[in-house]
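> Quick one: sequence and predicted model below, then my questions.
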Amino acid sequence: MYLNLLQYISVGLAIILVLLSLLLFFIRFFKNLQQRKKNIVKTKTIQLIEKLVSQINTPEYHTEWIRPNESLILGFKKNYIDKSEFSRKIVTHELLTLHRSLKGIASERIRDLYIHLGLDKIALNILNKGKTYDHPKIIWELGQMRIMESVDQIKGCLKYQDDEEIQIEASVALLVLQIDDPLVGIEHFKHMNKGQKQYFIESCKKLDSRSIPNFSLGFSSTNIHVVEICLILCDYFKQSYSTDIVKNLLKTQNPDIIFAAGFLLFRTNNYVLIKELIHSLPTITDVPIQVSIIKNIKLLDNIDLLNDLEDVINNPVTPDEVKLEALRSACRLSEKFDQTFTLDRIQVVDEKIKKMFLHAQEKLI
């Protein structure tokens, strides 16, 4: 009896192993088949684009370039857009990737091709059908390709209070699409945590710098999240800004805004306002932010800032962590100009200051 039971178990296990092996074989076969299809569609898309873009021989962009290539484009649309969603997604991905990497006439032709293939209409239809998991990608796609007809639908996506990903992607897309009021999307957020801010900023960094607004528009916003984000993005995209507005921001009580403004000043070497920033340190309640600001001083090339660092060190209300960082920056800044920062510059030299000074001279930073 027990022998028969063991035989049944053995046969059962053998059958299960065979079925699992067959299942793994079919999964692997299916994945390989999908990969081959993907490679074919990707290759065909690149070949089409290379053929169309290689015909660029005029210094100016003309929309009429489509006409002599219309049959070729329509044939591609019939084979790879209309028949399969799988192929459509691959084609769309390749167009978006190339549109971001190419410049000038070539980039505009990619956009024309995207529209002529009807991909903009497909994306709009997906948005109109209600929220799906594809919404964030579709919103990004319409924004990157500057499909102005999508503005109302994308604004409508701001209503999805339960889906911050969709809301943020909609806000980013509107930076490009909503020409008259590009910040309308981000102004929609009354409260943002650090994760949301970082997500928004990283999404914005993927935008084509040719299509973005000047983020200094947001410096005067009453929404502190907008101000902080716009300071960071103005710095990232190396945009110009109003010195007077940033000067006023240094007087705010919000440490995050002061830090973001300071970072913008360091990147643009605005030494006049950097001096004001250093003198306003006592008004910043967040000590780590004070330390971060002072730490950036040693990266600059202005020996005049030594006097400002001395003021920080000699100020009796300066926290020890900030004094230590000021000493480090003073030592490093002096070295850049073949000078030596000595204790003679410090008004009160006690044992604590001596230890800080010795630590600041160590070549560890």
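On my side now, so go ahead.
> for whichever strand or helix holds residue 49, packing partners?
Under the criterion of DSSP states H and E, residue 49 resides in helix 2-53. Counting contacts by 3 or more C-beta pairs under 8 Å, 6 or more residues apart in numbering; DSSP states H and E, helix 2-53 packs against helix 70-80, helix 85-101, helix 104-116. For every residue, glycine as well, the C-beta is placed using N, CA and C.
> In CSV: these, plus distance to residue 357.
Below are these laid out as CSV (distance: least, C-beta to C-beta, whole Å):
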stretch, distance to residue 357
helix 70-80, 69
helix 85-101, 50
helix 104-116, 55
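> closest to residue 304 out of the ones you listed?
Between residue 304 and the helices and strands packed on helix 2-53, the tightest spacing by C-beta to C-beta is seen for helix 85-101, at 41.9 Å.
> burial measure for residue 94, as a count.
The number of residues packed near residue 94 is 19, by other C-beta atoms under 10 Å.
> Excluding chain neighbours, what is closest to it?
Counting by C-beta to C-beta, 6 or more residues apart in numbering, residue 45 is the residue found nearest to residue 94 once chain neighbours are left out, at 4.5 Å.
> One more: residue 106?
residue 53 (4.9 Å).
> Same question for residue 189.
Nearest to residue 189 is residue 225, by C-beta to C-beta, 6+ apart, at 5.9 Å.
> Ok, residue 120 next?
Per C-beta to C-beta, 6+ apart, closest to residue 120 is residue 147, 4.8 Å.
> ok, now how distant is that neighbour from residue 208?
14 Å (C-beta to C-beta, to the nearest Å).
> These two: which has the busier surroundings?
Per other C-beta under 10 Å, whichever of residue 147 and residue 208 has more neighbours is residue 147, with 23 against 15.
> Next one, pLDDT for that one please.
pLDDT, residue 147: 94.
> doesn't residue 122 make contact with it?
No - between residue 147 and residue 122 there is no contact under C-beta atoms under 8 Å: 11.1 Å.
> picking up where we left off before, give me the element the residue nearest to residue 189 is part of.
helix 224-236.
> Identify whichever of the helices and strands packed on helix 2-53 lies nearest to residue 247.
helix 85-101 (35.6 Å).
> Let me see the residues that make contact with that closest one.
Residues from elsewhere that reach helix 85-101 (C-beta atoms under 8 Å, 6 or more residues apart in numbering): 34, 37-38, 41-42, 45-46, 49, 80-81, 107, 110-111, 113-114, 117, 119, 122, 141, 144-145, 206, 208.
> one more time with 7 Å
With contact meaning C-beta atoms under 7 Å, 6 or more residues apart in numbering, helix 85-101 is reached by 37-38, 41-42, 45-46, 49, 80-81, 107, 110-111, 113-114, 119, 122, 141, 144-145, 208.
> Show me which of these are buried.
41, 45, 49, 80-81, 107, 110-111, 113-114, 119, 122, 141, 144-145 (16 or more other C-beta atoms under 10 Å).
> now the most centrally placed residue in the chain: how far from residue 248?
The geometric centre of the chain, computed from its C-alpha atoms, lies nearest to residue 202 (C-alpha atoms, centre = their mean), at 2.2 Å. Distance, residue 202 to residue 248, using C-beta to C-beta: 28 Å.
> The lowest-mean-pLDDT helix or strand in the chain: how far from the chain's middle?
Ranked by mean pLDDT, DSSP states H and E, the helix or strand of the chain with the weakest confidence is helix 2-53, at a mean of 77. Remark: helix 2-53 is offset 37 Å from the chain centroid, using C-alpha atoms, centre = their mean, to the nearest Å.
> and what of stretch 287-294?
Mean-position distance between stretch 287-294 and its chain equals 24 Å (C-alpha atoms, centre = their mean).
> ditto for stretch 229-238
The answer for stretch 229-238 is 10 Å, by C-alpha atoms, centre = their mean.
> Flag every buried residue along it.
For stretch 229-238, by 16+ other C-beta under 10 Å, it's 229-236.
> Kindly give the local confidence score, pLDDT, for residue 364.
pLDDT, read off for residue 364, is 46.
> Residue 323 - how many residues pack around it?
Around residue 323 there are 23 other residues, counting by other C-beta under 10 Å.
> Now name the helix or strand holding the residue nearest to it when sequence neighbours are not counted.
Using C-beta to C-beta, 6+ apart and skipping the chain neighbours, the partner closest in space to residue 323 is residue 313 (5.4 Å). Here residue 313, judged by DSSP H and E, is contained in helix 305-314.
> now swap in residue 245 and tell me
For residue 245, the host element (DSSP H and E) is helix 243-249.
> Enumerate the positions of the very next helix or strand once past that helix that are buried.
Heading C-terminal from helix 243-249, the first helix or strand you meet, by DSSP H and E, is helix 255-267. Going by neighbour count (16+ other C-beta under 10 Å), the buried part of helix 255-267 is 255-266.
> could you give the mean pLDDT of helix 255-267?
Within the predicted structure, the mean pLDDT of helix 255-267 is 90.
> and that helix, how far from the chain's centre?
Relative to its chain's centre, helix 255-267 lies at 18 Å (C-alpha atoms, centre = their mean).
> And for stretch 99-108?
20 Å.
> quick one: buried residues of it?
Buried positions in stretch 99-108, judged by neighbour count with 16+ other C-beta under 10 Å: 99, 105-108.
> And for stretch 147-166?
147, 150-151, 153-155, 157-158, 164, 166.
> likewise stretch 206-223?
So, applying 16+ other C-beta under 10 Å, buried residues of stretch 206-223: 207, 212-213, 215-219, 221, 223.
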